[in-house]
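Student: Okay, structure incoming, though there's no sequence with it:
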């Protein structure tokens, strides 16, 4: 009996935003890192979901429109502002981001991901009113997320993206994917560039704190991350996973 191909599904998702916000206002990750991610996806014929901030889409509408020709564009808020406290202003900005992305791509935006995975119950009252069909802000690695009760379809994120870049990270991702019925993996466009170069370019207390306290924001970014990403894709493919967008998953 022949072995069936691609019995399992997984979703690759990428957050398109400024470089590790709110530390930098630069967009090097989008300009130089994102094309390398897209090359990998093209090489393996993978479609992915890109959660995009409105401010970046406004600056690079042609890039976003080009991505939307093959991949799914979803919302990541307007300017990567935290959403664990909702006001009328935050609600307006989410709506503006969705409308902007739909205008640029000419397609309905169905999905949302809160910046920094910071959410509140009020957010899930707002999203359905804006015709969002799913959310992907809740994780398996934040205890506070287990008391949140989303009011729409939720695609939980498997592991912190930076973990892939640390020793043993690839094996942990492989194990977590095998243990899930539908693993959702989240990465960032800025992970595809060497963030050490940006941190060295500024002399601020924030940069110093990130060197010392947040190695996940710079360790093995750039080439090592891209190689790990390729290894992960290759490994999951060998285990009969096929990659789908979250839009594909919810519409199936």
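Tutor: Now that the structure is in, tell me what you want to look at. These figures come from a predicted structure and were not determined experimentally.

Student: Any stretches of this protein with poor pLDDT?
Tutor: By pLDDT under 70, the low-scoring segments of the chain are 1-6, 203-204, 206.

Student: What segments of it are strands?
Tutor: Using DSSP state E, the strands of the chain run over 8-16, 49-52, 72-75, 111-112, 134-135, 153-154, 184-188, 241-243.

Student: so what strands line up beside the first one?
Tutor: So the one you mean is strand 8-16. Looking at strand 8-16 with DSSP bridges, its partner strands are strand 49-52 (parallel), strand 184-188 (parallel), strand 241-243 (parallel).

Student: Tabulate the strands of the chain (CSV), appending distance to residue 219 and mean neighbour count.
Tutor: Just so you know, the C-beta spots here come from the backbone N, C-alpha and C atoms, and that holds for glycine as well. Shown next, in CSV, are those (distance: least, CB to CB, whole Å; neighbours: other CB atoms under 10 Å):
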stretch, distance to residue 219, mean neighbour count
strand 8-16, 18, 23
strand 49-52, 23, 28
strand 72-75, 27, 26
strand 111-112, 29, 28
strand 134-135, 29, 24
strand 153-154, 29, 16
strand 184-188, 14, 23
strand 241-243, 26, 17
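
Student: what would these look like in CSV with distance to residue 100?
Tutor: Listed next are the strands of the chain as CSV, based on distance: least, CB to CB, whole Å:
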stretch, distance to residue 100
strand 8-16, 13
strand 49-52, 9
strand 72-75, 9
strand 111-112, 14
strand 134-135, 19
strand 153-154, 23
strand 184-188, 20
strand 241-243, 27
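
Student: of all the ones you listed, which lies closest to residue 147?
Tutor: strand 153-154 (13.4 Å; CB to CB).

Student: burial count for residue 222?
Tutor: Residue 222 sits with 20 neighbouring residues when counted by other CB atoms under 10 Å.

Student: Is it in contact with residue 198, as I believe?
Tutor: No: using CB atoms under 8 Å, residue 222 makes no contact with residue 198, being 10.7 Å away.

Student: Break down the stretch 101-250 of the chain into its helices, ranges please.
Tutor: Assigned by DSSP state H, counting those that start in this stretch, the stretch 101-250 of the chain shows helices spanning 123-126, 169-178, 195-200, 205-213, 223-238, 246-251.

Student: These into CSV, with extra columns for mean neighbour count and distance to residue 25?
Tutor: Below are the helices of the stretch 101-250 of the chain laid out as CSV (neighbours: other CB atoms under 10 Å; distance: least, CB to CB, whole Å):
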stretch, mean neighbour count, distance to residue 25
helix 123-126, 18, 25
helix 169-178, 16, 29
helix 195-200, 18, 11
helix 205-213, 12, 12
helix 223-238, 17, 22
helix 246-251, 18, 28
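
Student: Need those in JSON lines (columns: distance to residue 110).
Tutor: Converted to JSON lines, these look like this (distance: least, CB to CB, whole Å):
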{"stretch": "helix 123-126", "distance to residue 110": "15"}
{"stretch": "helix 169-178", "distance to residue 110": "23"}
{"stretch": "helix 195-200", "distance to residue 110": "31"}
{"stretch": "helix 205-213", "distance to residue 110": "34"}
{"stretch": "helix 223-238", "distance to residue 110": "24"}
{"stretch": "helix 246-251", "distance to residue 110": "5"}
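
Student: Kindly state which of those is positioned closest to residue 48.
Tutor: Using CB to CB, the nearest of the helices of the stretch 101-250 of the chain to residue 48 is helix 246-251, at 9.3 Å.

Student: List of residues touching the closest one?
Tutor: Contacts of helix 246-251 with the rest of the structure, by CB atoms under 8 Å, 6 or more residues apart in numbering, involve 9, 11, 13, 47, 49, 72, 74, 110-111, 133-134, 136, 153, 155, 182, 184.

Student: same deal with stretch 195-208?
Tutor: Residues contacting stretch 195-208 (CB under 8 Å, 6+ apart): 19, 20, 23, 24, 26, 28, 210, 211, 217, 218, 221, 222.

Student: so what's residue 78 up against?
Tutor: Contacts of residue 78 by CB under 8 Å, 6+ apart are 53, 54, 55, 93, 94, 96, 97.
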